[in-house]
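Asks: Below: sequence and its predicted model.
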Amino acid sequence: MLSKLTIAFMGWATAISGHEMTPAYPILKPSHVIGIVKAEMSLFNSREEVQYYQIDLYDLNWKNIPFSTTYRIFKVGYKERKNFVVYIRESDLDEATYLCTTSKIKRRAESSTIISSKICSRIDGEPA
Amino acid sequence: MKYTIALLSLCALPAFANVDIVGNVSAKCVIQTDKSGVYGNPTAPVLSTTPADGGVLPVIRFDVALANYYTANITHPTSFSSSPSLSDNVTWTGSTSVTNTSDAGMSGYDAAKVVYDNTTVFDLTVAGSTWFSTASSATYAASKPFPGGTYTAVVQATCIAK
């Protein structure tokens, strides 16, 4: 019962204003290029004030790791889901750990704090 | 021919099909921006999101579908992302705390939080929603008044798979 309520609540919560990226632990698959693997990701944007998201790949110490994708910064409309693919060199897989998307925020005309959201999946597998 | 069709129609049975509805619940984190903060200006050299100072605290909600898969890392600002030209240093303070939860099991989040530099880390050990608010205050050097204009600072809310 509790889990059903949680799922129902999550459904309601997602409908308001948020940034969601799945899967948390993407499965890396071979790409059409030898020596390159790919991670298939999905991002849902329900933040009305955000239209662009940036993709980054990091190691365990949050140092950037090179990767390839169609657009590093891509547009996602309000309440729109966008699937994207990230290509990573097999030789970087020992170090590559976090695959993240970060919201790009606009300047405002009032003295305020603005919230940048960032969600990171782990490409080195689920914890044991 | 007529008799054959008649015989075949008698043999016809209604068709039944089972259609499955399949659902999957997997680890997922959603960051909700419930409220953007506003800086109040209680005295000339201070900008603060504290309600007592005329500000509004930013409120961020983290929703996790499964327990023990994510940490919430919230970083309060240490610089303005946009402001009028400032010739002196600004001193920053800030903190993040839990303001509401969807499950009583989250009551220990505040006590268990880890703070390093300007980042506060919460281990999301229970499935459901947690509301966090971040206080931020900026004081201009030598109690000088802040120049007139618009000041914006960024609170970074990060949900990291463990």
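Replies: Arrived safely, thanks for sending. Numbering: from 1, shown residues only, chains lettered A, B, ... in the order given.
Asks: Quick one: low-confidence residue ranges for chain A.
Replies: Filtered on pLDDT under 70, chain A yields the residue ranges A:1-16, A:109, A:128.
Asks: residues contacting B:Leu124?
Replies: B:29, B:62, B:64, B:67-72, B:109, B:130 (C-beta atoms under 8 Å, 6 or more residues apart in numbering or on different chains). C-beta here means a position set from N, CA and C on the backbone, and glycine is covered the same way.
Asks: That should have said A:Arg89, apologies.
Replies: Listed by C-beta under 8 Å, 6+ apart, the contact partners of A:Arg89 are A:35-36, A:66.
Asks: now, which of the residues you listed sits nearest B:Asn89?
Replies: When those are ranked by distance to B:Asn89 (C-beta to C-beta), A:Pro66 comes first, at 36.5 Å.
Asks: Could I get the contacting residues of that closest one?
Replies: By C-beta under 8 Å, 6+ apart, the contact set of A:Pro66 is A:57, A:89, A:92.
Asks: Closest to chain B out of these?
Replies: Distance from chain B was checked for each of the contacts of A:Pro66 by C-beta to the nearest C-beta. The minimum falls on A:Leu57, at 13.6 Å.
Asks: what about B:Lys113, how many residues close to it?
Replies: Residues contacting B:Lys113 under the criterion other C-beta atoms under 10 Å in any protein chain shown number 18.
Asks: so where do the strands sit in chain A?
Replies: A:18-22, A:29-30, A:36-45, A:52-58, A:73-75, A:80-89, A:98-104, A:112-122 (DSSP state E).
Asks: Indicate which one of those strands is closest to B:Asp103.
Replies: Each of those has some distance to B:Asp103 by C-beta to C-beta; the shortest is strand A:18-22, at 18.5 Å.
Asks: Outside of that closest one itself, list whatever touches it.
Replies: Looking at what lies outside strand A:18-22 - C-beta under 8 Å, 6+ apart - the contacts are A:14, A:41-47, A:50, A:53, A:101, A:103, A:117, A:119, A:121, B:26, B:28-33, B:61, B:63.
Asks: all strands of chain B, in order?
Replies: Under the criterion DSSP E, chain B carries strands at the ranges B:29-35, B:37-38, B:46-48, B:59-64, B:70-75, B:90-101, B:114-116, B:119-124, B:128-140, B:152-161.
Asks: Save those strands as a markdown table, and put in mean pLDDT too.
Replies: As requested, the strands of chain B are arranged in a markdown table below (pLDDT from 0 to 100):
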| stretch | mean pLDDT |
| --- | --- |
| strand B:29-35 | 94 |
| strand B:37-38 | 93 |
| strand B:46-48 | 96 |
| strand B:59-64 | 97 |
| strand B:70-75 | 98 |
| strand B:90-101 | 97 |
| strand B:114-116 | 97 |
| strand B:119-124 | 98 |
| strand B:128-140 | 97 |
| strand B:152-161 | 96 |
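Asks: who's in contact with A:Ser31?
Replies: The contact partners of A:Ser31, taken as C-beta under 8 Å, 6+ apart, are A:37-38, A:87.
Asks: same thing with B:Ala72?
Replies: So B:Ala72 contacts B:62, B:121-122, B:124, B:130, B:132, B:157-159 (C-beta under 8 Å, 6+ apart).
Asks: how does it look with 7 Å?
Replies: Shown here is B:Ala72, whose contacts under the criterion C-beta atoms under 7 Å, 6 or more residues apart in numbering or on different chains are B:62, B:122, B:124, B:132, B:159.
Asks: which of those has the most neighbours?
Replies: B:Cys159 (29 neighbours).
Asks: All good on my end, thank you.
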